[in-house]
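[1] Sequence and computational prediction follow.
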Amino acid sequence: MRIGVITNRNLCSPWASTHFYIYRALRRLGLDAVHVAGKEVAAHHSRYNVRRGGKKNSGKQAAPFTLELAEAVKADIERNNYDALIALHASTIIPDLTIKCPLVYVTDATASLLNAYYPQRQQLSAENTQWLHECEQTTIDRSDAIVVPTQWAADSALLDYCSNQSRVHVIEWGGNLDNLPDLTDKERHRAADPVQFLFVGLDWHRKGGDIATHMIEILRSEGVNATLTVVGAAIPRKHRSAFVRSVGMLNRANPEESEQLDQLFYSADFYIHPARAECYGHVLCEALGFGVPVIAARTGGIPQCVLDGETGILLPPDSPAEDYADRVQGLIADKVRLEEMRTSAVLDFRKRLNWDRWASRVQHVLQELVFPTVSTSLE
């Protein structure tokens, strides 16, 4: 099958993160996946990022669709005979396209969810908010299949946009890892003391960095030799201490930095993620792949990644640091349960939370659309 992928990210660049891993997984499976108007998107994307902050930022930000880019996408679709199209986070361009083959819409959140969930989206004008809703509705209406990673997103497609249930597929996304972690390394790096927590994220407040550092303070005051390593976010002065260290930003697109991040996962005892908002959480999947139980808030798409009581612990949204500290201490004291949780984390990553599995299931969806007379199964 020749599959056209519509997105405003440069799919050939690891900076594209999720989009890059999706594209690579499809091609690795043997699908003839092609980036629609890929050259034009890459050039536009590069110019956009350079304007935002120089070459060092090239590839980090998603360039919005422009009229010029939309025309390039239209021309590509008209010129090429695609068996199917995948719209990857591309709801704002789909309404302007003439599509004659099956369309699969891939996203982790609808406009309705984002506008009600993320503070920055609430700052949009009423006109822009309405336009995004209309684009989302049109894209969902025109799609032959909607593929989302969480039941949270699926429920919105069904309830907020009245999608047909038979067209909505929940297929979990994977952790952005090039290779499966070697768990012999995990055992070699794990130390009995201190208890090491890992926190990865750029948005300190939204990811709950303040709650994580306060939890460390509480644990230490109660006799637990706990430390926290922060990747990405700048730690506000009031949250800094000798037991909270920052290693700056580490990007999977850089092999040396990716290896450094792997070592942090190998060394971690727990991954802490008391987020106030999160559509999915690839880094949670990565932590589980390294056998690191996740302690997180039960919000957004997180419950799809972390199985409460099996691969981690989920607390109600807005839970204070005291509650996190209490749950962690209970887990530390139950060594048998903790080891079972580590084992379950790895198994769930390999069974459910990896990109190869996602691509395989999406291939079945595509086959049912392109070759409807052929009986296929998602199992």
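    Cool, the structure landed. Numbering: from 1, shown residues only.

[2] Tell me how far the spatially most central residue of the chain lies from residue 354.
    The geometric centre of the chain, computed from its C-alpha atoms, lies nearest to residue 282 (CA atoms, centre = their mean), at 3.8 Å. From residue 282 over to residue 354 the distance is 11 Å, taken as CB to CB, to the nearest Å. C-beta: built from backbone N, CA, C; applies to glycine.

[3] any residues in contact with both of those two?
    Jointly contacting residue 282 and residue 354 under the rule CB atoms under 8 Å, 6 or more residues apart in numbering are 174, 175.

[4] ok, which stretches of the stretch 51-200 of the chain are helices?
    Assigned by DSSP state H, counting those that start in this stretch, the helices in the stretch 51-200 of the chain fall at 67-79, 111-117, 126-142, 151-159, 183-189.

[5] Figure out which of those is closest to residue 97.
    helix 67-79 (6.0 Å; CB to CB).

[6] Need the CA coordinates for that closest one. CSV is fine.
    What follows is helix 67-79, C-alpha atoms only, in CSV (Å, rounded to 0.1, in the frame of the first residue of the first chain):
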residue,chain,number,x,y,z
LEU,A,67,-1.8,28.8,2.2
GLU,A,68,1.4,28.1,0.2
LEU,A,69,2.0,24.8,2.1
ALA,A,70,-1.7,23.9,1.7
GLU,A,71,-1.4,24.3,-2.1
ALA,A,72,1.7,22.1,-2.1
VAL,A,73,-0.2,19.4,-0.2
LYS,A,74,-3.2,19.7,-2.6
ALA,A,75,-0.9,19.4,-5.6
ASP,A,76,0.8,16.3,-4.2
ILE,A,77,-2.4,14.5,-3.5
GLU,A,78,-3.7,15.3,-7.0
ARG,A,79,-0.4,14.2,-8.6
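
[7] residues in contact with that helix?
    Contacts to helix 67-79, defined as CB under 8 Å, 6+ apart, come from residues 4, 6, 8, 36-37, 40-41, 44, 63, 65, 85, 93, 96-99.

[8] Now restrict the residues you listed to buried residues only.
    Restricting the contacts of helix 67-79 to buried positions leaves 4, 6, 8, 36-37, 40-41, 44, 63, 65, 85, 93, 97, 99, with burial counted as 16 or more other CB atoms under 10 Å.

[9] count of neighbours near residue 13?
    Applying other CB atoms under 10 Å, we find 17 other residues in the vicinity of residue 13.
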